[in-house]
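1. could you look at this predicted model? Sequence included:
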Amino acid sequence: MTIYSNRRIKSVKFSIFPVFIAIMVAGVLFSSALLDVKVALASEKTSPEVGFGEKSQEAILKENPRDPKIGVLAPISGELKVFGEDAVDGAELASDELNAKGGVKNKEFDLLVYDTGGSMPGARLGVETFIKHRVVGVVGAATAEVSFASNKAINENQMILISAGSRRRLGDTGPYNFRNTLKDQDGISGLIKHIVEKNGWKRFAILTSLVNDYSIKLTAAFKASIAKTDAKLSHELYFVSSQMKNMVGDETSLSAQVKKLHDNTPDALIYTGDGDEAADLVKEMRAQGIDIPLIGGEDLMAPAFAALGEKAEGTLVYGGFNIHSDKPNVKKFVDAFTKRYKRPPSRLAALSYDAYMLLADAINRAPSLRPTHVRLALLDTKDFRGVTGRVTFDATGEAQKDVFIFKFTKSSEGGYGFKCIVDPS
C-alpha cells in the first residue's frame, strides 16, 4: 500500500507521523493483512448484538486495549471524493489541534486515513486495515459505502464508527455504530414548530419528488410533524421529473401542480426535493402569480436556488451547521479550516471535525482504551458543545441535536442568501 503524510508521499511506517492516508494497491498485501487480523483479533470478536445489553466489568477487562490511533474512512478518489475530502480535512484539523495541546489522554494520536474509492469492497478493505492497526475508532464519511458496507466487521471486532453526516439511521445496525448528524425528523419538527408559533402559518401544501427516495422520506416526516400541531395540509402534490420518460399526466408537469395552488392557496409550500428542482418550482410559482414562501431542508441551499434572488425571498429551511455563527468555537474552526484548506468548511467537514472531537472526548473520559470502555463513555456523552451544535447520544448511538433554521433574505450588502435565524450552537 502507498502511505502518505500530510498529502505528501513518504516511505514511512504508520506509527511515525500523526496523519496518514493508506490506499490498498495490491490484493496480496491485503490478503496477508487479513490473515494477521484474523489471528490477532480472533479472541476479541463479538456478535453484533453485544453492547445493547449489559456487559460485566470482568468481560470488559478481558478486552485488549487498542492503540492510540483514530481512523478516517472516506472516498478521497473517484466521483465521491468531494465528500471524502471534507471528512478527511475536518478530522485532520481536529487531530492536529488536539495533538498540539498534548493529545488525548496525554498521548499524541495517529490519524490513519483509508481511501474507499467510493466502493463497497473499498470500504470493507479499509475497515479490515483499521482492525489490523488496532485503531480505537473511526470517523466515517457521509457516503453509502462507508455507512453500510462495513457494519458486520465493525461490530464483530468492536470498533467504533461515528458517521459524520449520513442521512440514514445507523444506531440500530449495531452497538458500535454512531451518528452525529441532526436527524431529519428533529430538524423538521423544530422547523414546523417555529413556523406555526412564530409566523402563525396554519395551512401548508406539500410537493413530493417521486423519483427521489429521500424526498418521499422527508414528506412523511413533514406530514407527521404537521399532524402534531393545529396546522393543516391544504394540498398533497406530486412531481415526476423528465428523467422518467414513460410517465404521463399532471405529475410530470410543474406547471400543472402549481396551478392547483390557485384554489385554496396555502400559507406556504413545502418542497422535499433538491435545490435545482426547487429553483424551477419557484420560477413557475412566480410566473403564475403564486407568491407564497417555500419550506424545505438544507438541500434547497444550492447555487441554482440562491441565484433566484428576490423571487425566493422568505424561504425557510432547517440545517445542521451555521458557518456564519458568531460563537467563538465556531468562528475559530471556520477561520482555521479556511486558512489551512483554502476553502470554507462545509457542513460535512464540520460534522467530521465534531465526530473526531466527540471520540476524543469519550476516550479522555474512558478508564482505558478497551473498546467497551470507550463505547460506554461515548454513549454517556451529554450536551457536548461542538461546532455543529450541542450533542447528546441516545442509547442506540444516534445524536440528539437542536435545529438550525435559515431564512432566504436580502443582506445589508444588497445580495440574497440564507441567514441563520435560529442558532442552537
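-> Yes, it's here. Worth saying up front: this structure is predicted, and the values here are computed from it rather than measured.
2. okay, which residue is most central for this protein?
-> For the chain, the residue sitting closest to the mean C-alpha position, by C-alpha atoms, centre = their mean, is residue 165 at 0.7 Å.
3. surely it and residue 347 touch.
-> Yes. If you go by C-beta atoms under 8 Å, residue 165 and residue 347 touch, sitting 7.0 Å apart. Any C-beta I mention is one placed from the backbone N, CA and C, and that applies to glycine too.
4. just give the nearest non-adjacent residue to the residue nearest to the centre of the chain, would you?
-> residue 142 (3.0 Å; C-beta to C-beta, 6 or more residues apart in numbering).
5. host element of residue 332?
-> Under the criterion of DSSP states H and E, residue 332 resides in helix 328-341.
6. work out the gap between that helix and the centre of the chain.
-> Chain-centre distance of helix 328-341: 19 Å, with C-alpha atoms, centre = their mean, to the nearest Å.
7. likewise stretch 79-86?
-> 13 Å.
8. using CSV, write down the CA coordinates of that stretch.
-> Taking Å, rounded to 0.1, in the frame of the first residue of the first chain, the C-alpha atoms of stretch 79-86 are listed here in CSV:
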residue,chain,number,x,y,z
GLU,A,79,-16.7,10.5,-8.1
LEU,A,80,-17.4,10.9,-4.4
LYS,A,81,-14.1,12.5,-3.5
VAL,A,82,-15.6,15.9,-2.6
PHE,A,83,-17.4,14.2,0.3
GLY,A,84,-14.2,12.3,1.3
GLU,A,85,-12.1,15.4,1.3
ASP,A,86,-14.5,17.1,3.6
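9. tell me the buried residues in it?
-> 80-81, 83-86 (16 or more other C-beta atoms under 10 Å).
10. correct me if wrong: residue 270 contacts residue 208.
-> No. Counting by C-beta under 8 Å, residue 270 does not reach residue 208; the two are 9.1 Å apart.
11. joint contacts of these two?
-> Common contacts of residue 270 and residue 208, defined by C-beta atoms under 8 Å, 6 or more residues apart in numbering, comprise residue 219.
12. the strands in the stretch 51-200 of the chain, which residues?
-> 69-74, 110-115, 137-140, 160-163, 177-179 (DSSP state E, counting those that start in this stretch).
13. and of those, who's closest to residue 61?
-> strand 160-163 (18.4 Å; C-beta to C-beta).
14. could you work out the end-to-end span of stretch 300-311 for me?
-> End-to-end span of stretch 300-311 (C-alpha to C-alpha, to the nearest Å): 14 Å.
15. quick one: residue 201 is in a helix?
-> No. Counting by DSSP: H, G, I helix; E, B strand; the rest coil, residue 201 is not part of a helix but coil.
16. how about the nearest residue to it, chain neighbours excluded?
-> residue 267 (3.7 Å).
17. that neighbour reaches residue 290, doesn't it?
-> No. Between residue 267 and residue 290 there is no contact under C-beta under 8 Å: 11.9 Å.
18. can you map out the helices along the protein?
-> For the chain, the helices defined by DSSP state H cover 27-41, 57-61, 81-100, 120-132, 144-148, 151-156, 184-194, 213-227, 254-259, 275-287, 303-306, 328-341, 347-365, 371-379.
19. could you export the strands of the stretch 51-200 of the chain as JSON lines, including distance to residue 100 and mean neighbour count?
-> Below are these laid out as JSON lines (distance: least, C-beta to C-beta, whole Å; neighbours: other C-beta atoms under 10 Å):
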{"stretch": "strand 69-74", "distance to residue 100": "15", "mean neighbour count": "30"}
{"stretch": "strand 110-115", "distance to residue 100": "13", "mean neighbour count": "24"}
{"stretch": "strand 137-140", "distance to residue 100": "19", "mean neighbour count": "31"}
{"stretch": "strand 160-163", "distance to residue 100": "22", "mean neighbour count": "29"}
{"stretch": "strand 177-179", "distance to residue 100": "26", "mean neighbour count": "27"}
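20. count the neighbours of residue 327 for me.
-> Neighbour count for residue 327, taken as other C-beta atoms under 10 Å: 14.
21. am I right that it is in contact with residue 424?
-> No. With contacts counted by C-beta under 8 Å, residue 327 stays clear of residue 424, the gap being 10.0 Å.
22. wait, what's in contact with residue 312?
-> Neighbours of residue 312 in contact, by C-beta under 8 Å, 6+ apart: 279, 282, 294, 305-306, 408, 416.
23. mind redoing it with 6 Å?
-> 282, 408 (C-beta atoms under 6 Å, 6 or more residues apart in numbering).
24. hang on, the earlier thing: residues near the residue nearest to residue 165, how many?
-> Here the number of neighbours of residue 142 (other C-beta under 10 Å) works out to 24.
25. any idea how far it is from residue 401?
-> Using C-beta to C-beta, to the nearest Å, one gets 15 Å for the distance from residue 142 to residue 401.
26. what about residue 329, neighbour count?
-> 13.
27. pLDDT score for it?
-> Residue 329 carries a pLDDT value of 97.
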